[in-house]
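Here is my input, please return the structure:
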Amino acid sequence: MTGSRRGFTLIELLSVMAIIATLLTIAAPRYFRSLQRSREAVLMQDLVTLRESIDRFYGDSGQYPQTLAALVEKHYLRAIPVDPIARAADKWVVVNSDDPDDAGIKDVKSGAEGTGENGVPYAAW
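So this is what the prediction gives:
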């Protein structure tokens, strides 16, 4: 037959689309979970960096910084990191010192709402 058309039937196209949809339903949740785990890992690293910078500031000056911006001004940090869960640099929750003579920032916690994959609220990290 000269002149016959070659192509895919509707059934073949629907079968391929069903297979692709099935594969996506398996892969998409894993992808989004890995994104969340990555954000949590970055949050933990940012908290470690901030806490180490506060400790270095205290070790050098004998007092806690009054603001997180003081860490940047004194070159303990290049910039205040963005909270990867809250997605803002101004969402950090500062914990002030109990010492009335030195009421600076003693610790930093995440201001993000929700709970991590480990079951602990982000605000408790």
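
From the contact counts, what lies against the lengthiest helix in the chain?
Longest among the helix segments of the chain by residue count, using DSSP state H, is helix 10-61. Applying 3 or more Cβ pairs under 8 Å, 6 or more residues apart in numbering; DSSP states H and E, we find helix 10-61 packed against helix 68-73, strand 105-109. In this view, the C-beta of every residue, glycine as well, is placed from N, C-alpha and C.

For the next helix or strand after the first one, which outside residues touch it?
Looking back up the chat, that one is helix 68-73. As assigned by DSSP states H and E, the chain's next helix or strand after helix 68-73 is strand 93-96. The contact list for strand 93-96 (Cβ atoms under 8 Å, 6 or more residues apart in numbering) reads 64, 68, 103, 104, 105, 106, 107, 108, 109, 110, 111, 123.

and with 6 Å instead?
103, 105, 106, 107, 108, 109, 111 (Cβ atoms under 6 Å, 6 or more residues apart in numbering).

buried sites along that strand?
Buried residues in strand 93-96, counted by 16 or more other Cβ atoms under 10 Å: residue 94.

Distance from the chain centre to it, please.
Strand 93-96 sits 19 Å away from the centroid of its parent chain (Cα atoms, centre = their mean, to the nearest Å).
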